[in-house]
Every structure is written in C-alpha cells, then in structure tokens.
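Undergrad: Fold the following and give me the result.
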Amino acid sequence: MKTKLFAAVALSLAVSACGSAGAGGDDGGDGSGPIKIMQIAPYESQLTSLPFMKTSAQAAVAEINAAGGVNGRQIELLTCNEKSDANEALRCAQKASQEKVAAVVGSLTSFGPQVMPMLEKANIASIGADAITPYDAKSPASFLFDAGVPGYAAMPAIAVKNL
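TA: The predicted model follows:
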C-alpha cells in the first residue's frame with residue numbers, strides 16, 4: 001500500500017509541476033509554497049474503517065518531505081474522511097476544490113459519481129484511486145493504477161472473448 005501511495009504522490013507532483021506555478025499551493029504564484037494534495041477515504045465509519053490509509057499517506061508524505069520534497073517544495077497532505085457517505089464524499093471533493101489541491105491521491109470512495117464531477121469541474125486529477133464504480137474508470141479526471149472493481153468484473157468476459 002505504501003509503495004502504491006508513494007508512486008501516486010510522486011506522479012501527482014509531476015502532474016502538478018506541469019500546471020501553473022502556484023498549482024496546489026498558497027505561494028502567490030511563484031512556485032515556492034507547499035504542494036497541496038488530498039486523500040479521500042473512509043477512515044472511520046460504521047460501514048468501513050480504513051485508518052491505515054491515512055497513516056500510510058502521512059508516512060509517504062513525511063518521507064518525501066524529509067528527502068527535500070519535490071524540487072525543493074514540501075508536500076502538504078490534506079485528508080478527508082468520507083465516512084462511507086455520499087454527502088460526506090461530495091463535501092470532501094468540494095474541500096479539495098476550495099483548497100485548490102494539485103491532485104487527489106491514493107483515495108478510496110464508493111461515491112465516484114458524486115466526487116468525480118466536482119474534481120473534473122475544478123480540474124483536479126484523481127491519481128491512483130481504486131476504481132469502485134464504472135464512473136471512476138471513465139472520468140477524464142481519473143488516472144488509475146489498476147482496473148479496480150469494474151475492470152475485475154469485466155475480466156471473465158474479456159478472457160472468454162479473447163482466449
């Protein structure tokens with residue numbers, strides 16, 4: 001999990017470097033402030049609690065920052081507990097937009113149809129998330145590392161067709 005998150009953070013930072021100088025940071029546009037990223041996940045809820053996702057993200061960011069950050073810029077990790085609730089997940093996406101994060105990284109939510117349109121509108125990439133719904137896999141803001149649930153569900157039909 002840490003390796004996947006570390007790769008997602010690194011990729012998101014590379015993407016943010018391609019954007020405007022002030023993307024994902026409160027630096028007045030000079031590119032010297034921290035790079036803000038966010039993780040959205042059900043850290044605590046009655047349905048699913050995955051606190052290790054948050055601590056893994058914090059550890060990965062601490063490791064990158066200890067090594068000097070990215071091009072001298074520190075990473076600022078924002079986390080949002082979506083509580084396995086569609087309204088909370090949407091609130092998390094709104095927070096990402098308001099905070100002008102460079103990317104949402106290594107997230108897990110069952111509410112892609114609520115979250116992804118908000119990220120799309122704000123031009124925020126979702127990098128390394130697990131695809132839970134078909135919307136996660138087809139959103140132009142989504143950059144997946146694996147096929148997730150929709151892809152795994154489709155594999156038998158694809159195998160039959162191609163094998």
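
Undergrad: When you work out contacts or count neighbours from here on, use the C-alpha atoms and nothing else.
TA: Will do.

Undergrad: contacting residues for Phe52?
TA: Tyr43 (Cα atoms under 8 Å, 6 or more residues apart in numbering).

Undergrad: Which helix or strand contains it?
TA: Using DSSP states H and E, Phe52 sits in helix 51-66.

Undergrad: Return the backbone torsion pair for the residue nearest in space to the middle of the chain.
TA: Centroid-nearest residue in the chain, with Cα atoms, centre = their mean: Val105, separated by 2.3 Å. With angles defined as degrees, to the nearest 10, Val105 sits at phi -130, psi 130.

Undergrad: Just give the number of residues close to the closest residue to it other than its chain neighbours.
TA: Counting by Cα to Cα, 6 or more residues apart in numbering, Val105 lies nearest to Ile127, which is 4.9 Å off, once chain neighbours are set aside. Neighbours of Ile127 under the rule other Cα atoms under 10 Å: 25.

Undergrad: And the pLDDT at Ile127?
TA: Looking at Ile127, its pLDDT is 95.

Undergrad: That one contacts Ser139, doesn't it?
TA: No - in terms of Cα atoms under 8 Å, Ile127 does not count as a neighbour of Ser139; the distance is 11.5 Å.

Undergrad: Good, we can wrap up now.
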